[in-house]
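> Quick one, structure for this:
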Amino acid sequence: MKAFLFLFFTISTLGFGQHILPLRERAELIDLIQKERIQKLLPELMKESDLDMWVLITREYNEDPIVKTLLPPTWLNARRRTILVFSKKSDEVDAVAITRYNFGNNIRSIWNKELQPDQWKALAAYIVSQNPKKIGINTSEHYGLADGLSKTDFEGMINALPKEFQKRVVSAEKLAVRWLETRTPIEMTLLSQLTEITHAIIKEAFSTAVITPGTTTTEDVVWWFRNRVAELQLTTWFHPTVDVQRSGKSDLYAFDGQSKFDIIQPGDLLHCDFGITYLTLNTDCQELAYVLKPEEIEAPNFLKEALSKGNAVQDFLTNNFKKGKTGNEILAIALQESKAVGLRPQIYTHPLGMYGHAAGTTFGMWDAQEGIPGSGEHPLHENTVYAIELNATVFIPEWEKDIRIMLEEPGYFGLNRFRYVNGRQTDLILVGSKSDYLK
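Next up is the predicted model:
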C-alpha cells in the first residue's frame with residue numbers, strides 16, 4: 001500500500017504532461033490492484049455467488065477475457081495452457097496456478113511437470129483434494145466476457161475429473177460478471193485520474209492548437225487523438241470518432257458507421273467519442289464543442305439550451321438508479337419520465353471498467369429501447385461504474401432541423417447513490433475562445 005500511495009501522489013500532483021506513469025511503476029501498481037481484488041473482493045463475490053471453486057482455463061493468444069484481468073503485469077498474454085483455480089476457504093480464497101511457469105506475485109504456481117507430466121491430471125488431482133461442492137467455469141449465454149472457456153478446454157477438464165466431480169461443475173456466469181463489474185477503492189481513485197486525463201485530451205483536441213476552422217477535417221482530429229494517445233504511451237480501446245452538426249447540413253447524425261469526414265467550419269457543433277485504457281481500466285466519453293465565429297465570444301443560446309436537454313435526460317436516468325433494480329426497469333422509467341416533459345431521448349448506457357463495453361447492468365441499446373435480455377435483466381449493484389451514454393433529439397428553429405445532443409461520461413454507483421466519476425459536461429467547449437487577458 002505504501003508503494004501505491006507514493007505512485008498516486010506522483011500522478012495527482014504533477015502536470016498533465018507528466019500524469020502518465022512509466023511502465024515499471026504501472027506494473028507495480030497493477031500488482032497491488034490485483035492483490036486487493038483477489039484477497040479482499042473475490043472471497044465476498046464467491047460467497048455471494050455460492051461457489052466453492054472457480055476454474056479458469058485458457059491458451060496463449062486465445063485468452064479467456066477473465067484470465068486477461070488476472071495476468072501478471074509482465075505477462076502480455078497467457079502462456080501455453082494457463083489454468084487458474086480459486087478455492088473458497090472460509091473468508092479467504094486460495095489462489096493457485098497449474099501452469100508451467102511462475103504466475104507472478106499474487107497466484108502461486110503448484111504444477112510440477114516432472115512429477116506429473118499430464119496437466120489435466122494435475123488439475124483433476126487438485127480439484128479432488130479440495131473437494132468443492134460447486135465448481136464454476138466460464139460459460140454464459142448472455143455475456144461474451146463470461147463465456148471464455150473453449151470447448152477443447154472444457155472437454156479436457158471434464159474428461160480428467162471423476163464422474164462424481166463432473167456433476168458438480170456449473171456455470172460461473174454470476175461470479176464472472178460480478179468480478180468484472182465491481183470496482184475496488186484503489187480502482188476508483190485511479191479511474192478518477194484516468195477520466196481527468198481523458199477530459200484533458202478532449203479539451204486539447206477541441207482547441208485551435210489542433211483545429212484551424214476552414215482547414216482541419218474531422219478525420220484530422222480523429223488521427224490527432226490516436227497520435228496523442230500514442231505520445232502519452234497509452235492505448236485506446238476503440239477508434240475515436242469526430243463529427244459535426246451545423247445549419248444547412250441536412251442529415252441528422254445516424255448510427256450507421258459511415259464516415260463523418262467533413263471540414264470543420266465556424267458555427268459548427270462538434271462531437272467526439274473517445275476513450276483510453278490505462279492501469280487495467282477504461283474510459284468512454286462523448287463531449288461537445290462549438291466553433292466560435294469571429295464575432296462571437298460564446299455559443300448561441302439555442303445550443304446551450306439543447307445541451308441542457310441532454311443533461312436532463314442524464315438526470316432522469318441516474319436519478320432512478322436504485323440497488324436491485326434491473327437495467328430494463330430503470331431504462332423504462334427514465335424514458336417514460338423524459339418523454340413526459342417533452343424530451344426525445346435515446347438511452348444506451350453500459351458497464352465500464354476492465355473492458356470498455358463491460359459486463360454488468362446494461363440500460364438499453366440505441367436500437368433496442370424496449371430493453372434487452374440477459375444484461376438488461378441484471379440487477380444494479382453498488383461499487384459499479386457505467387458509461388452514461390445517451391442522446392436527446394432537439395429541434396433547432398435557427399437551423400430549421402433536428403440535432404442530436406450526444407453525451408457520455410463515466411459514472412459511479414455506490415452506497416445507493418450515483419455520482420459522476422470526474423464530473424460531466426454542462427457547458428460547451430469553445431473552439432477559438434480568447435485568452436482571459438484579451439477583451
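
> tell me the domain boundaries of this structure?
2-179, 183-431 (automatic domain parsing).

> chain center to the helix or strand harbouring Tyr412, what's the gap?
Assessed by DSSP states H and E, Tyr412 sits inside strand 401-414. Offset of strand 401-414 from its chain centre (Cα atoms, centre = their mean, to the nearest Å): 15 Å.

> From what I see, Lys88 and Met53 are in contact.
Yes - applying Cβ atoms under 8 Å as the test, Lys88 and Met53 come out as touching, 7.1 Å apart. Where you see a C-beta, it was placed from the backbone N, CA and C, and this is true even at glycine.

> Identify the contacts common to the two.
Shared contacts of Lys88 and Met53 (Cβ atoms under 8 Å, 6 or more residues apart in numbering): Pro132.

> Give me the residue at the spatial middle of the chain.
Closest to where the C-alpha atoms of the chain average out (Cα atoms, centre = their mean) is Leu352, at 2.6 Å.

> is it true that that residue touches Asn282?
Yes - the pair Leu352 and Asn282 passes the contact test of Cβ under 8 Å, sitting 6.3 Å apart.

> And for the nearest residue to Leu175 once chain neighbours are set aside, the neighbour number?
Spatial nearest neighbour of Leu175, excluding adjacent residues (Cβ to Cβ, 6 or more residues apart in numbering): Ser49 at 4.0 Å. Counted with other Cβ atoms under 10 Å, the neighbours of Ser49 add up to 20.

> what's the answer for Gly414, then?
Neighbours around Gly414, by other Cβ under 10 Å: 15.

> That one pairs with what?
With DSSP bridges applied, Gly414 shows beta-bridge pairing to Arg417.

> Tell me who's in contact with it.
382-384.

> Which of these are buried, as a PyMOL select command?
Restricted to buried positions by 16 or more other Cβ atoms under 10 Å, the PyMOL selection for the contacts of Gly414 reads:
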select buried, resi 383+384
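
> Let me have the contacts of Gly414 in TSV, extended by pLDDT and distance to Lys40.
Formatted as TSV, the contacts of Gly414 follow (pLDDT from 0 to 100; distance: Cβ to Cβ, whole Å):
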residue	pLDDT	distance to Lys40
Glu382	96	15
Asn383	97	12
Thr384	98	16
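
> In the strand holding Tyr412, which residues are buried?
401, 403-413.

> my guess is the residue nearest to Leu175 meets Val177, correct?
No - Ser49 sits out of contact with Val177 when judged by Cβ under 8 Å, with a separation of 9.3 Å.

> ok, now which ones touch Tyr386?
Applying Cβ under 8 Å, 6+ apart, the residues near Tyr386 are 349-352, 360-361, 363, 410-411, 413.

> low-scoring pLDDT stretches of the stretch 201-350 of the chain, where are they?
Within the stretch 201-350 of the chain, the stretches with pLDDT under 70 are 249-261.

> Can you show me the helices along it?
Applying DSSP state H, counting those that start in this stretch to the stretch 201-350 of the chain gives helices spanning 218-231, 301-318, 327-340.

> now do the stretch 51-200 of the chain
So, for the stretch 51-200 of the chain - with DSSP H, counting those that start in this stretch - the helices run 65-68, 119-130, 151-160, 163-166, 173-181, 185-205.

> Just name the most buried of those.
helix 173-181 (a mean of 23; mean count of other Cβ atoms under 10 Å).

> Which strands or helices does it pack on?
Taking 3 or more Cβ pairs under 8 Å, 6 or more residues apart in numbering; DSSP states H and E as contact, the helices and strands that helix 173-181 lies on are helix 42-49, helix 65-68.

> quick one: contacts for Glu187?
33, 280-281, 353 are the contacts of Glu187 under Cβ under 8 Å, 6+ apart.

> Give the ChimeraX command for selecting the buried subset of those residues.
Buried subset of the contacts of Glu187, written as a ChimeraX selection, criterion 16+ other Cβ under 10 Å:
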select :33,280,281,353
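
> Show me which of the contacts of Glu187 is closest to Asp427.
Nearest to Asp427 among the contacts of Glu187: Leu281, at 26.3 Å, using Cβ to Cβ.

> I'd say the closest one and Gly356 touch.
No - the pair Leu281 / Gly356 is not scored as a contact, 9.8 Å apart, by Cβ under 8 Å.

> tell me, what's touching the two both at once?
Joint contacts of Leu281 and Gly356 (Cβ under 8 Å, 6+ apart) do not exist.

> Next one: the residue nearest to Leu175 from Ile137, what distance?
13 Å (Cβ to Cβ, to the nearest Å).

> Now do the shared contacts for these two.
Ala172.

> Show me the common contact partners of Leu352 and Asn282, please.
Counting by Cβ under 8 Å, 6+ apart, the residues touching both Leu352 and Asn282 are Ala358.

> Would you convert the contacts of Glu187 into CSV that also reports distance to Ala392?
As requested, the contacts of Glu187 are arranged in CSV below (distance: Cβ to Cβ, whole Å):
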residue, distance to Ala392
Ile33, 36
Thr280, 33
Leu281, 28
Gly353, 26
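
> out of the contacts of Glu187, what pair is the most spread apart?
Longest span within those, Cβ to Cβ: Ile33 and Gly353, 11.6 Å.

> picking that back up, among the contacts of Glu187, which one sits closest to Pro65?
Gly353 (11.8 Å).

> Any chance of JSON lines for the helices and strands packed on helix 173-181, columns mean pLDDT and distance to Ile57?
Formatted as JSON lines, the helices and strands packed on helix 173-181 follow (pLDDT from 0 to 100; distance: least, Cβ to Cβ, whole Å):
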{"stretch": "helix 42-49", "mean pLDDT": "96", "distance to Ile57": "17"}
{"stretch": "helix 65-68", "mean pLDDT": "94", "distance to Ile57": "8"}
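
> Dump the ones you listed into a markdown table; add distance to Pro162 as well.
Listed next are the helices and strands packed on helix 173-181 as a markdown table, based on distance: least, Cβ to Cβ, whole Å:
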| stretch | distance to Pro162 |
| --- | --- |
| helix 42-49 | 23 |
| helix 65-68 | 25 |
